[in-house]
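A.B. asks: output the structure for:
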Amino acid sequence: MLHKVVTIPASGRCFSEQPIDSRKKRRVAGYARVSTDNPEQLTSYESQVKYYTSYINGRSDWEFAGMYTDEGISATNTKHRSGFKKMVSDALAGKIDLIVTKSVSRFARNTVDSLTTVRKLKEKGIEIYFEKENIWTLDSKGELLITIMSSLAQEESRSISENVKWGKRKRFAEGKGSLAYSHFLGYERGPNGAMVINRKEAEVVKMIYRLYLTGRSFYAIADELMKREILAPAGGAKWHPSTIQSILKNEKYKGDSLLQKKFVVDFLSKRMKKNEGEIPQYYVENDHEAIISPEVFDLVQTEMKKRHSCRRGRYSGVNLFSSKIRCGDCGSWFGSKVWHSNDKYRKVIFQCNKKFKNDCHTPTISEDEIKDFFVLAAGKILDNKEEVICNIKVLLDCVDDLSEKIRQAETVVEQKLEEIQRYVAYNSQVALDQAEYQKNYEALVGKYEEAKGEYDKLQEVAAKKSNRRQELIKFIATLEQADQVISFEPGLWTLLVDHLTVYRKDDVRFTFKDGTEIKVGE
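C.D. replies: Numbers count the residues shown, from 1 in each chain. Next comes the predicted model:
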């Protein structure tokens, strides 16, 4: 018996229920995108929108379903492309049958994103037409061509990214940087892109440095600026302590520039990372006009280090006296307490934070008493200020200059490093016993690390001496300008006093920043 095969013609399309001979118009949307917002690219963007709107409306078998656009956005991923995401969402919701776009590179430069989107739409019977490459994604050859073209587009994007990165790093090496002026307080773009001081904003910067040197914390300064209704760098009303810290640590305010603080990890994610030694940095001295003098800037850095390392527990900048008063019995710091907080006898006093834990017998001390004791102690300093200034100048002259020792230590470090490099190169050229080689190599590395340790210690000591020198110079300048102290002056307190130690009410000892100790009391 012979088999008989009867062919039943297809009545519908592969990916939809639409009949083959259907005369229903296809709903077609256009997609246009440009990567940057410069004038030339904007012209290209407008041209794409106008062209595809006209092109779709010019087809009798197509029905215009809208124009989706992304302006000034990169295509290396689709995460932030709102127009693109809205188009895909509408297509999957059944509002679009065909998407027309200029090229694969306009659609996406990331192979994974491109193929994922194409396949997702293809499963719903939605086609994409790339005009430049003449690719229809429902065509049998479509996915292969898409893969090839997307990979080429991604490689092009990588190449462009590398070229841009090379150009930026070359500019950094030449001492040329860039700045986000809209988010940077105190400077604005001048002729030829130079940094020019914004005088109004510069006063805010000076205020921040001044408040910090008078004992305020990052939190207290932020609160003070908000009370004064001063806008933050980005234009908002909210000031964050981290913003204050960033301003106080930024070398640009003293006229220098540290370039390449951050870098892009890879061209696809465009994720920024803090440069922690992965790539070179460049420090440019006297790059532009300073808002803060180098001496004041260095004093602030010293004060930050002191608050971070020398205070027990978190530094408090609630008022001028926070983290300034030490207990004579146990050495802990005094903290502020409020007595009678809800009545007319309200009073702020200071007492040892570990008074009860350590059974300390040091008395409480009020703000008024601290002020009165300071007037007495400062008066004694000023009565003999000529002698004090003379002694400090002698002390400054006797401070060792470590620059020559540092240079010698640096030379030793370089020599040890060269020895290691020569030995490694020798091992690559001559067949040595590797166990012996490893032993000798580790010995050389040990000597290098020892030399490097000595060099680092000298650098640290030199930095401390430099900071101490600046502190003493500022102390002299304050004394020279100060007259007789009649009443408490916050500025003198901040600039003269390192701390005071309370033993008893009749034994309060002020330690000034030059090391002088003055005893006062009732």
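
A.B. asks: tell me, what's the model's pLDDT at K273?
C.D. replies: On the pLDDT scale, K273 is placed at 67.

A.B. asks: likewise for the one 5 residues further on?
C.D. replies: pLDDT recorded at E278 is 62.

A.B. asks: show me where the stretch 51-200 of the chain has its strands.
C.D. replies: Taking DSSP state E, counting those that start in this stretch, the strands of the stretch 51-200 of the chain run over residues 62-71, 98-101, 127-130, 135-136, 187-189, 195-197.

A.B. asks: which parts of the third one are buried?
C.D. replies: Of the residues in strand 127-130, those with enough neighbours to count as buried (16 or more other Cβ atoms under 10 Å) are 127-130. (Glycine included, C-beta is placed from N, CA and C.)

A.B. asks: do the same with stretch 114-124
C.D. replies: 114-115, 117-118, 121-122.

A.B. asks: give the rounded mean pLDDT of it.
C.D. replies: Per-residue scores along stretch 114-124 average to 81.

A.B. asks: what of stretch 407-417?
C.D. replies: Mean predicted confidence for stretch 407-417 is 87.

A.B. asks: now what about that stretch, what contacts it?
C.D. replies: Residues outside stretch 407-417 that contact it (Cβ atoms under 8 Å, 6 or more residues apart in numbering) are 444, 447-448, 451-452, 454-455, 458.

A.B. asks: same check on stretch 61-71?
C.D. replies: Identification of contacts with stretch 61-71 by Cβ under 8 Å, 6+ apart yields 25-34, 37, 42, 45, 49, 52-53, 56-57, 81-84, 86-87, 90, 95-98.

A.B. asks: give me the buried entries from the residues you listed.
C.D. replies: 26-34, 45, 49, 52, 56, 81, 83-84, 87, 90, 96-98.

A.B. asks: among the residues you listed, which ones are in helices?
C.D. replies: 45, 49, 52, 56, 83-84, 87, 90 (DSSP state H).

A.B. asks: turn the residues you listed into JSON lines, including pLDDT.
C.D. replies: JSON lines is the format used below for those (pLDDT from 0 to 100):
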{"residue": "Y45", "pLDDT": "66"}
{"residue": "V49", "pLDDT": "79"}
{"residue": "Y52", "pLDDT": "83"}
{"residue": "I56", "pLDDT": "88"}
{"residue": "G83", "pLDDT": "85"}
{"residue": "F84", "pLDDT": "87"}
{"residue": "M87", "pLDDT": "91"}
{"residue": "D90", "pLDDT": "92"}
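
A.B. asks: show me the shaky parts of the stretch 1-150 of the chain.
C.D. replies: 1-3, 7, 9-23, 34-45, 72-80, 108-113, 140-143, 145-147, 149-150 (pLDDT under 70).

A.B. asks: one more time with 90
C.D. replies: Residues of the stretch 1-150 of the chain that meet the criterion pLDDT under 90 lie in 1-26, 32-61, 66-85, 101-125, 128, 130-150.

A.B. asks: can you give me the strands in the stretch 201-350 of the chain?
C.D. replies: 257-259, 262-264, 272-274, 282-284, 325-327, 334-339, 347-352.

A.B. asks: okay, the ones you listed, which one's buried deepest?
C.D. replies: strand 325-327 (a mean of 21; mean count of other Cβ atoms under 10 Å).

A.B. asks: from the contact counts, what lies against it?
C.D. replies: The contact analysis (3 or more Cβ pairs under 8 Å, 6 or more residues apart in numbering; DSSP states H and E) places strand 325-327 against strand 334-339, strand 497-504.

A.B. asks: lowest average pLDDT across the ones you listed?
C.D. replies: Lowest mean pLDDT within those: strand 334-339, at a mean of 84.

A.B. asks: what sits up against that strand?
C.D. replies: Residues outside strand 334-339 that contact it (Cβ under 8 Å, 6+ apart): 316, 318-319, 321-322, 325-327, 345-353, 364-365, 502.

A.B. asks: next, the angle strand 347-352 makes with that strand.
C.D. replies: Angle, strand 334-339 to strand 347-352, by axes from the mean of the first three to the mean of the last three Cα atoms, to 10 degrees: 140 degrees.

A.B. asks: pairing partners for strand 334-339, with directions?
C.D. replies: strand 347-352 (antiparallel) (DSSP bridges).

A.B. asks: just the angle for the strand it pairs with relative to strand 497-504, thanks.
C.D. replies: Here strand 347-352 points in a direction 80 degrees away from that of strand 497-504 (the same axes, to 10 degrees).

A.B. asks: ok, the helix or strand just after strand 347-352: who's next to it in the sheet?
C.D. replies: Next in sequence after strand 347-352, counting helices and strands by DSSP states H and E, comes strand 365-366. Paired strands of strand 365-366, with direction, are strand 347-352 (antiparallel) (DSSP bridges).

A.B. asks: could you give the mean pLDDT of the strand it pairs with?
C.D. replies: 87.

A.B. asks: N440: what's its closest spatial neighbour, skipping adjacent residues?
C.D. replies: Excluding the flanking residues, the one nearest N440 by Cβ to Cβ, 6 or more residues apart in numbering is Y423, at 6.7 Å.
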